[in-house]
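Trainee: Kindly generate the corresponding structure for this input.
(one chain, ligands or ions: 4)
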Amino acid sequence: VSLHRALTDAAAAEAIVPFYQPKISLITGRIVGFEALMRWRQGPQAFLAPGAFDQAFQDPDLAVLIGDSMVRQVSADVRNWHGAGLDFGRMALNLSPAQFTHLDLGNHLLARFAEAKVAPELFEVEVTETVFLGRRVEHVAPILRQFYDAGIRIALDDFGTGYAALTHLKQLPIDTIKIDQSFVEDIESDTFDAAIVNSVLELGHTLGMQVVAEGVETMGQARFLAGKGCEVVQGFLYARPMPAAHARDLIVRES
Ligand code: G
Ligand code: G
Ligand code: MN
Ligand code: NA
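Mentor: Ligands and ions are numbered 1, 2, ... in the order given. Got it, this is the predicted structure:
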């Protein structure tokens, strides 16, 4: 079967599942939120990351199908955790350009949250700069405003790797900037990366935004980031993305 067909079937069978990776405060050491990341279940212990199948996302219908399946499953997990009185901070959902262009996404996402009986205030959405390409920004801006007004936070993902349009920071209701892991990797040895990270932290903080560093793998990187005033980090140093049951255990243990 083709990859496209296999993924369509997988989405219908809910075999594309969310894994969860915590975001950690460098100030308190505590979990301040999670990011939901899709994984394709191949067997009881075998999961594929999206890099292995994301070329199929060129088809917007498939991207929407899988994105919506993720939204439903993540909402159900959030409902479960919140209903049990667990404090996990905010749950971040990645949204792709296809979800913005092929759906009435503003109303759709809020309807999904209502169906699952979860408050929008429990969520953050992560968008990359690719959702603003061309003149899409005119379509996307009011949707982000609708999310923002409903209490959902907005994060700009992979910051600095795309069309670094600083005008987006000015025009859109952005709460959080996520520094891409490519800038974090060599932060201790590469003076360009260090300067870029430092500038993004300063820019974000001056604008009243939270700045999250991604891909933190070593204590050295974490210390460096803390020294530059970064408050929130995410990466293998703290935890890899994990299945829902493990994330729940982690929240119970840490609270
Ligand atoms: O988990 P991993 O680092 O392999 O994710 C790779 C990419 O896939 C990331 O850029 C991430 O934004 C994207 N991605 C992961 N989960 C989702 C999801 O649920 N929906 C969308 N639209 N993109 C996702
Ligand atoms: O594009 P986005 O930032 O949404 O994708 C995050 C991706 O980064 C996920 O696929 C996740 O599995 C991966 N990731 C998370 N933490 C680390 C890390 O510390 N190191 C590396 N190499 N990848 C990471
Ligand atoms: Mn992300
Ligand atoms: Na990223």
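Trainee: Around ligand 1, pick out the residues from the stretch 51-200 of the chain.
Mentor: When proximity is defined as Cβ under 6 Å from any ligand atom, the stretch 51-200 of the chain approaches ligand 1 at Gly51, Gly67, Met70, Asn94, Leu95, Ser96. Bear in mind the C-beta positions are built from the backbone N, C-alpha and C, glycine included.
Trainee: quick check, nearest of those residues to ligand 3?
Mentor: Closest approach between these and ligand 3, by Cβ to the ion: Asn94, at 4.8 Å.
Trainee: Now the phi/psi pair for the residue nearest to that closest one when sequence neighbours are not counted, please.
Mentor: Closest residue in space to Asn94, ignoring its immediate chain neighbours: Glu126 at 4.9 Å, by Cβ to Cβ, 6 or more residues apart in numbering. Backbone torsions for Glu126, taken as degrees, to the nearest 10, come to phi -110, psi 130.
Trainee: where's Glu126 relative to Asp175, distance?
Mentor: Computed with Cβ to Cβ, to the nearest Å, the distance linking Glu126 and Asp175 is 11 Å.
Trainee: Other residues contacting stretch 212-230?
Mentor: If you take Cβ atoms under 8 Å, 6 or more residues apart in numbering as the criterion, stretch 212-230 is touched by 23, 26, 155, 176-182, 184-185, 187-188, 194, 197-198, 201, 205, 211, 232-238.
Trainee: in the protein, what secondary structure element scores lowest on mean pLDDT?
Mentor: In the chain, the helix or strand scored least confidently by mean pLDDT, DSSP states H and E is helix 166-171, which has a mean of 88.
Trainee: What residues sit buried inside the very next helix or strand once past it?
Mentor: Next in sequence after helix 166-171, counting helices and strands by DSSP states H and E, comes strand 176-179. Residues of strand 176-179 classed as buried by neighbour count (16 or more other Cβ atoms under 10 Å): Thr176, Ile177, Lys178, Ile179.
Trainee: now these as a markdown table including pLDDT?
Mentor: Formatted as a markdown table, the buried residues of strand 176-179 follow (pLDDT from 0 to 100):
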| residue | pLDDT |
| --- | --- |
| Thr176 | 97 |
| Ile177 | 96 |
| Lys178 | 96 |
| Ile179 | 96 |
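Trainee: and which of those is nearest to Thr101?
Mentor: Among the buried residues of strand 176-179, Lys178 lies closest to Thr101 (Cβ to Cβ), at 22.1 Å.
Trainee: so what's the closest one up against?
Mentor: Shown in contact with Lys178 (Cβ under 8 Å, 6+ apart): Glu126, Ala155, Leu156, Asp157, Asp158, Phe159, Val211, Val212, Ala213, Glu214.
Trainee: ok, and of those residues, which contact ligand 3?
Mentor: Filtering these for proximity to ligand 3 by Cβ under 5 Å from the ion leaves Glu126, Asp157.
Trainee: May I see the contacts of Lys178 organised as a markdown table, with pLDDT added?
Mentor: Shown next, in a markdown table, are the contacts of Lys178 (pLDDT from 0 to 100):
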| residue | pLDDT |
| --- | --- |
| Glu126 | 97 |
| Ala155 | 97 |
| Leu156 | 95 |
| Asp157 | 94 |
| Asp158 | 90 |
| Phe159 | 91 |
| Val211 | 98 |
| Val212 | 98 |
| Ala213 | 98 |
| Glu214 | 98 |
